[in-house]
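Enquirer: Quick one: sequence plus predicted model below, questions after.
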Amino acid sequence: MSAPARTPAGAPGSLTGPGSSGGVGTDAARPDGTLKVRGEFAYGSDLWMEDMLWGTTLRSPHPYARIRSIDVGPALAVPGVRAVLTSDDVPGAKVYGLELADQPVLAVDVVRYQGEPVALVAADHPETARLAAARIVVDYEVWEPVTDARTALGHPRWNQVHDGTAQVTELSRESAHLHPEGNLVRHLKVRRGDPAPTADVVVVGEYEVGMQDQAFLGPESGLAVPAEDGGVELYVATQWLHVDQRQICAALGLAPEQVRLTLAGVGGAFGGREDLSMHVHACLLALRTGRPVKMSYNREESFFGHVHRHPATMRYEHGATRDGDLVYVRAAIYFDGGAYASSTPAVVGNGGTMGIGPYVVPNVHVDCFGAYTNNPPCGAMRGFGSVQTAFAYESQMDALAAELGMDPVELRCRNAMEQGSEAITGQVVDSPAPVVELLRRLEAMPLPEPAPDDLRHRPGGVSNTTHGEGVRRGVGYAVAYKNVGFSEGFDDYSTARVRLEVVGGEPTVTVHTAAAEVGQGLVTVEQQIARTELGVDRVVVAPKDTAVGSAGSTSASRQTYVTGGAVKAACEAVRARVLERAAGVTGRPAAQLRLFDGAVVGEGLELPLAEVLGDDAVEETLEWRHRPTEAIDPETGQGFAHVQYAFSAHRAVVDVDTELGLIKVVEMACTQDVGKAINPQAVVGQIQGGTAQGLGLAVMEEILIRDGRVQNPSFTDYLIPTILDMPPMRIEILEYADPHAPYGLRGVGEAPNISSGPAVLAAIRAATGLPLTRVPVRPEHITGV
Amino acid sequence: MRFLQPTTWAEALEAKTVHPDAVAIAGGTDVMVAVNFGRLRPAALLDLTRVGELQEWGTEDGVVRLGAGVPYARVITELGDRLPGLAMASRTIGSPQIRNRGTVGGNLATASPAGDAHPALLAADAEVEVASVRGTRTIPISDFYRGVKRSALAADELIAAVRIRPPSGPQQYSKIGTRNAMVIAVAAFGLALHPDRRAVGTGIGSAAPTPRRATAAEDFLAGELASAGLWESRAELPATTAARFGELVASAAAPIDDVRGTAAYRVHALSVMARRTLGWAWTEYRTSKEV
Amino acid sequence: MRLTCTVNGSAQQVDDVWEGESLLYVLRERMGLPGSKNACEQGECGSCTVYLDGVPVCSCLVAAGQAEGRAIGTVEGMGSEETLHPVQQAFLDAGAVQCGFCTPGLLVATDDLVTRSLAAGAPPADAEIREALAGNLCRCTGYEKILDAVKLAAQRMAAPTTGAPR
């Protein structure tokens, strides 16, 4: 290991925080909060070095084309340009990927989506780099793109649902095979019970979910600094340093010791930073020029620079008895994975294994497909495969309730999963599953008053479209569940290094993990756990980097569980050693001692840590795993696939201007079981933020694609909710401990993102009486023109 | 790129004559977006924010002369009573930060069919005062828009002001967006009742290559109001009249399908907005004191 | 070109500014003040909000040369090392900061709103807060805690003695 030659302005330092303390279960303050409100917290885009260059990316204008030739000469001729690179300049593996290595670092012969990186430029000024990139001459032979998942798979009909088996017939056209193995990324089957069930009442529905963007506010950015050992230091805003490192090493042909990553400040992530963006590119340019290279996407490039949420088309058939007991569910789910695999296999895993919602159904037949197309690559986004299906299965539950003449909440409660139930994978739910209580608590909450006489409370807001005309109110409910952590046998672990020492007379704990803080507050949680376990108020969070082992991804609602578990375990190991030392000093058995308020305490004993430790530091580094999951059976989808489920429910109240199709969400109410709220304020923040993203997908957010081309890569036309679109919320948090998890906690971040959108959709349906089978709901869907 | 920064109107006109390819910039809410994304690389930027004359408004012969550089925020706070339709439109524009910078002059110069001020200016029969070293001329607002993002402004001309006669009757403005704030109009409609001259003014936004009036609707409504003596009686407006007015407004549109909405929806929405705004305006007229 | 202006009360002068640069770029890349954030560069998100002669604007839409001779206020000028500005403290106390990327712009916009409202005699009502902050996008919080923070700040700024010290 060699130290970096120089440290950029904005390189992260250790976090201690404002001195406000608190252990597990308190609203402890963020250690990075003061830096953030002072404008001193450095995000990837804030990194700066005196002699740094600016990198830029030339991207394909075509969704599908063969590259006949690339002429970089005109770009190199621009004064101020220091390097121009193409795939020929990638020294190692030309392709990378989270699960399947199929995505070129820079396009090799073929581009498969609009915006695919083709060449790189480093220059003295961003304008120079942009100008030079525009002068690179790429000769394309443009091909006809494949832009529909079912077409890509050769599934003209929903025949999988009825024929029982998938007949995957590839397209005949040569160029229609986007990848050598064909266009199928994954086909997941769930088969359970009677293959040909019948029921008194059957409802069939087809649903569609548009492509959502994570729309994190801090665009992709980072700074690569060449090191004297021939390696590179990369400061980058990301979600999983070690999976980045693995892919960067492969592309650069360097050893892990030579590629050292440090987490720069992350301006939100939501799944969109799990794949590489500018990581390898900046390193390539830095190594080529011998100068630090900064790359920072603008908003337009950001829309092409990361994967999106998979759009989905889904067909569901629900059969029930007259009394409302679910007899069977059949579902065909198609995820459009776009041009490269990214995390499509795992998204298909979630979509299939949890595809009917938190209900108990004896007979299940689910086919879930992920396909390659020439649309933008899709991968991780908060809710990961469960957001899409929840729109479908919850819409089906409402349709079934209507068909049965039953209250929709009643129908849900009647069929709800509970502890001890079998999921459709056959997995027994072995911790609390309070689906019924979540729904009943929502029902018991008071409903909001009619909107006051103020434009800002009406559909359309200050745009003055209604003074009450055409406005009808609707109420809708939805409940959802989501796996926490990585599933299907993945070795899901985190590494924590914890050191206890006395610094300047004050007992101090240093927690070092590689777990990405993306805004959710993991750094706070790490401090809280250390305080609780070691009885020490001052906890320093070391910068997140690859000098410590992998923490796994900041995704799947898993970090508080898994890295929290690792920090807890490392603290316990440190504590055991300290208490052993104290036992030696005091002659008391370690079992009778504990750590509290900076001291070793026991019956009639209080020994300051300074006296136990002296100048020594006690440090432990360990890997911690949650209990293992297992791969599911490829033919039946049965198996212990998921380590934990998170449950949430929403009630939405909306006012709809039925004549103009405009929507004002009046109130969102949410109930969620979090097992144990490690930081209640942060838990509420996750629920509020997740709710907003679900609401956004329900009523406004969609990347519009036409012929493989993105139509709205800007915040002018890709709309996310403003503060005038988000209503007040009522939130009730349940804490039913999961006995398998640290402190009994459940992952929090994703569930509320899943149940909020379907509740909004249900409320709009209630207000309008329309079936509304596609999200986001557009005004045209409501007005019918 | 050059950066020209005149401090007087005469200097500004001189600069535009010498540099006809200079792009005028005031609030920057259109120009800088294009510059930031590499879509605009003019030979020069002509900054008008130092020209004091442009930052003022006043009244001349009963007509409000609104300097081209007065930001929307001031239209809302200072001119809500004199220019109610334009103030309502201004409130729908972007965010407070945008309204602190963006100007009516800039909206006109960009001449986007989606510009929020246009329907209000059309309904109010505004006039655009433009100038060059050759002199000053006044263009009726209906003649100002010449195509998608094209106007009657010559290469050496700058917009000095808009002139708007304060209302003799109610004005309304309504705009469709798929979010409750911060939206480019999917469609917009401005309405002005002019009881002093027994006339009706309209303006349509985001529903044709240019902002435009719905003249058939104006004529129809003025005719109905006159023939039924409604200007004088202030009686209730027949629902059929309001509905027909909405249809005629919609039929004046020539919209397209785009990412923000379909042509069919735009037509539908215009008919609804026209009917509703007429209802609100007529109610205001009926309940207001005779003057 | 050369640009001379006042930022957070200090005179600043930078050379070799390209005429197409925005005030945001100059602040971030030339003056060492990256507190104002670049999230959209088209006035849709408010992350780059600064005071320009006392008026909140999107600095991404101000051409660098337009700032010549002007007084600019950024998040770096709010509060001090020792004592946070009441708006900053309120955002922390209310839990309104997650990733924090929108925070600098929101702090400036909130300070403007609260200051104007209190000068006019009353703290801002919920609907006013929502309308005033509609141009500041936040992707993390769902805005509820931001609303709480604005109200908390207004309460403390109306009665400064009750403001919690840092």
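Expert: Everything's here; your move.

Enquirer: how many neighbours does the closest residue to chain B within chain C have?
Expert: In chain C, no residue comes nearer to chain B than C:G135, which is 1.9 Å away by C-beta to the nearest C-beta. Placement of C-beta: from N, CA and C, glycine included. By other C-beta atoms under 10 Å in any protein chain shown, 25 other residues sit near C:G135.

Enquirer: How about the contacts made by the nearest residue to it once chain neighbours are set aside?
Expert: The spatially closest residue to C:G135, leaving aside those adjacent along the chain, is B:S95, at 1.9 Å (C-beta to C-beta, 6 or more residues apart in numbering or on different chains). Counting by C-beta atoms under 8 Å, 6 or more residues apart in numbering or on different chains, B:S95 makes contact with B:181-182, C:43, C:46, C:58, C:134-136.

Enquirer: at 10 Å instead, please
Expert: The neighbours of B:S95, taking C-beta atoms under 10 Å, 6 or more residues apart in numbering or on different chains as the test, are A:722, B:102, B:181-182, C:43-46, C:49, C:56, C:58, C:109, C:131-137.

Enquirer: Please read off the pLDDT at it from the model.
Expert: B:S95 is assigned 97 on the pLDDT scale.

Enquirer: and the helix or strand A:V653 falls within, what does it pack onto?
Expert: If you go by DSSP states H and E, A:V653 is part of strand A:644-657. Strand A:644-657 is packed against helix A:408-414, helix A:435-444, strand A:471-484, strand A:662-673, helix A:680-699, strand A:729-734, helix A:751-768, helix A:779-783, with contacts defined by 3 or more C-beta pairs under 10 Å, 6 or more residues apart in numbering or on different chains; DSSP states H and E.

Enquirer: Could you identify which of those is most buried?
Expert: For these, the largest average neighbour count (mean count of other C-beta atoms under 10 Å in any protein chain shown) is found in helix A:751-768, namely a mean of 29.

Enquirer: and the direction of it versus that of strand A:644-657, what angle?
Expert: Here helix A:751-768 runs at an angle of 30 degrees relative to strand A:644-657 (axes from the mean of the first three to the mean of the last three C-alpha atoms, to 10 degrees).

Enquirer: what about helix A:751-768, average pLDDT?
Expert: Averaging pLDDT along helix A:751-768 gives 98.

Enquirer: If I take it and strand A:471-484, what angle do their directions form?
Expert: Calculated by the same axes, to 10 degrees, helix A:751-768 forms an angle of 150 degrees with strand A:471-484.

Enquirer: how about the following helix or strand past helix A:751-768, does it get close to chain B?
Expert: Next along the chain after helix A:751-768, taking DSSP H and E as the criterion, comes strand A:774-775. No - Strand A:774-775 does not reach chain B (C-beta under 10 Å from any C-beta of the partner chain); its nearest approach is 12.9 Å.

Enquirer: other SSEs contacting strand A:774-775?
Expert: strand A:201-209, helix A:386-404, helix A:680-699, helix A:751-768.

Enquirer: at 7 Å what do you get?
Expert: Judged by 3 or more C-beta pairs under 7 Å, 6 or more residues apart in numbering or on different chains; DSSP states H and E, the packing partners of strand A:774-775 are strand A:201-209.

Enquirer: Report the strands that pair with the strand it packs on, each with its relative direction.
Expert: Using DSSP bridges, strand A:201-209 pairs in its sheet with strand A:312-320 (antiparallel), strand A:774-775 (parallel).

Enquirer: excluding its backbone neighbours, what's nearest residue 126?
Expert: Because you didn't say which chain, this covers chain A. Taking C-beta to C-beta, 6+ apart, and ignoring the residues beside it in sequence, A:P126 has A:W54 as its nearest neighbour in space, at 4.4 Å.

Enquirer: wait, I meant chain C there
Expert: Spatial nearest neighbour of C:D126, chain neighbours left out: C:L147 (6.6 Å); criterion: C-beta to C-beta, 6+ apart.

Enquirer: Would you check how far apart the one you found and A:V327 are?
Expert: The gap separating C:L147 from A:V327 is 46 Å, by C-beta to C-beta, to the nearest Å.

Enquirer: Check A:P739 too.
Expert: Distance, A:P739 to A:V327, using C-beta to C-beta: 33 Å.

Enquirer: Ok, A:G461 next?
Expert: A:G461 is 45 Å from A:V327, by C-beta to C-beta.

Enquirer: for B:A228, same thing?
Expert: In this view, B:A228 and A:V327 are 64 Å apart by C-beta to C-beta.

Enquirer: Going by neighbour count, which residues in the lengthiest helix in chain B are buried?
Expert: Ordering each helix of chain B by length in residues (DSSP state H) puts helix B:263-287 first. Neighbour counts over helix B:263-287 (16 or more other C-beta atoms under 10 Å in any protein chain shown) mark B:263, B:265-282, B:285 as buried.

Enquirer: can I assume A:D32 is in contact with A:E40?
Expert: No - if you go by C-beta atoms under 7 Å, A:D32 and A:E40 don't touch, sitting 9.7 Å apart.

Enquirer: Comparing the two, which shows the higher neighbour count?
Expert: A:D32 (24 against 17).

Enquirer: tell me the contacts of that one?
Expert: A:D32 makes contact with A:15, A:41, A:523 under the criterion C-beta atoms under 7 Å, 6 or more residues apart in numbering or on different chains.

Enquirer: Then A:P728?
Expert: Listed by C-beta under 7 Å, 6+ apart, the contact set of A:P728 reads A:E667.

Enquirer: Relative to C:A127, how far out is it?
Expert: From A:P728 over to C:A127 (counting by C-beta to C-beta), the distance is 12 Å.

Enquirer: Ok, A:Q638 next?
Expert: Shown here: A:Q638 relative to C:A127, a distance of 53 Å by C-beta to C-beta.

Enquirer: Mind checking which of the two has more residues around it?
Expert: For A:Q638 versus C:A127, neighbours defined as other C-beta under 10 Å are more numerous around A:Q638 (18 against 15).

Enquirer: ok but the residue nearest to A:P126 is inside a helix, no?
Expert: No - with DSSP: H, G, I helix; E, B strand; the rest coil as the criterion, A:W54 is assigned strand and is not in a helix.

Enquirer: What count of nearby residues applies to it?
Expert: Using other C-beta under 10 Å, A:W54 is surrounded by 22 other residues.

Enquirer: what bridges to it?
Expert: A:A123, A:K294.
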